[in-house]
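Student: Sequence first, then the predicted structure, then my questions.
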Amino acid sequence: MESYEIPKKILIVDDDKFLLDMYTYKFKEKGFDVTQAFGSLEAYDKLKEGITPDVMLLDVVMPAMDGFELLAKIKSEKLAPNAKVVMLSNLGQPSDVEKGRSLGAKGYVVKASATPSEVVEKVLIVLGGEESFAKVD
């Protein structure tokens, strides 16, 4: 596999502390500068405060505001306009994947069918300029 220049900043958003820590560990292992957000409201606040990630990994199912709503808000308010977005969810229906794509996500990963290392690889693919959407039937 060809190597990509790894950007330094990733924002990982999830409402599961264990998964947040696990993904943080995996991305730090690959040289990323990781910012965690425990849920969509914390992520939104951090973006409003001016953090500018190169890539955002957004969980879909979260309380208060789901990942799709967060992505729509980020886009409409032009927060982190250059960040590439990868949705991360156990929702794997074609309609969910298409919703992520229609909102501007460059990738969609189904948690249940991807190891943390595979999630990192999919993010690297997206950062390399390609899309990486889950294959769903």
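Tutor: Here it is on my side, so go on.

Student: CA only for contacts and neighbour counts going forward, please
Tutor: Will do.

Student: Correct me if wrong: Lys122 contacts Ala134.
Tutor: No. Here Lys122 does not reach Ala134: they are 9.9 Å apart, not a contact under C-alpha atoms under 8 Å.

Student: so what's in contact with the two at the same time?
Tutor: Common contacts of Lys122 and Ala134 (C-alpha atoms under 8 Å, 6 or more residues apart in numbering): 107, 109.

Student: Show me what Ala37 is bridged to.
Tutor: Beta-bridge partners for Ala37, by DSSP bridges, are Val13.

Student: which residues touch it?
Tutor: So Ala37 contacts 11-14, 43, 46 (C-alpha under 8 Å, 6+ apart).

Student: who's in contact with the residue nearest the centre of the chain?
Tutor: Nearest to the geometric centre of the chain sits Leu57, at 1.3 Å (C-alpha atoms, centre = their mean). Shown in contact with Leu57 (C-alpha under 8 Å, 6+ apart): 10-13, 85-88.

Student: which residues touch Asp66?
Tutor: Taking C-alpha under 8 Å, 6+ apart as the criterion, Asp66 is in contact with 40, 59-60.
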